[in-house]
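Asker: here is my input; please provide its structure:
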Amino acid sequence: MGLWAGFIHQVRRDPDMAAIHAETYIAYRDQLQGLIAALPGAGDAASCRTLAIACNGVIDGLWLEGCALPQAFANNELEQIGLSAVGAITGQDLLACRRTQEENTA
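Answerer: Next up is the predicted model:
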């Protein structure tokens, strides 16, 4: 987390670091957007982009809290919260998908 915080600090000060951040953020956001677009009833490209930004925000926030205070969370708690939140954003029951996946691999 400390390394990430230092990177983000440099992003605001160094144009080269800002360009790297923009490139990787946009690539990740576009990948999420493509996955969301493949979901039933996903909507148009603008809607999928908005959902991708929202999902990324949830994932980033949970990751940061998990790094900052890992002892505050039960095993797999943040994963479950992430699946629930991203599922709510996208209108999908990702927890049920996860359970099905686990049952099929058991």
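
Asker: pull the number of nearby residues for L51.
Answerer: Burial of L51 is recorded as 22 neighbouring residues (other C-beta atoms under 10 Å). Where you see a C-beta, it was placed from the backbone N, CA and C, and this is true even at glycine.

Asker: could you check how far it is from A85?
Answerer: According to C-beta to C-beta, to the nearest Å, L51 stands 12 Å off from A85.

Asker: one more: G66?
Answerer: 14 Å.

Asker: sec struct for S47, please.
Answerer: State at S47, reduced to three classes by DSSP: H, G, I helix; E, B strand; the rest coil: helix.

Asker: give me the distance between it and A54.
Answerer: 11 Å.

Asker: so which of the two has more stuff around it?
Answerer: Remark: of S47 and A54, A54 carries more neighbours, 17 against 13, as counted by other C-beta under 10 Å.

Asker: quick one: contacts for that one?
Answerer: Going by C-beta atoms under 8 Å, 6 or more residues apart in numbering, A54 touches I89.

Asker: check which helix or strand it maps to.
Answerer: helix 45-68 (DSSP states H and E).

Asker: where does pLDDT dip in the protein?
Answerer: Residues of the chain meeting the criterion pLDDT under 70: none.

Asker: which parts of it are strands?
Answerer: In order along the chain, the chain carries no strands (DSSP state E).
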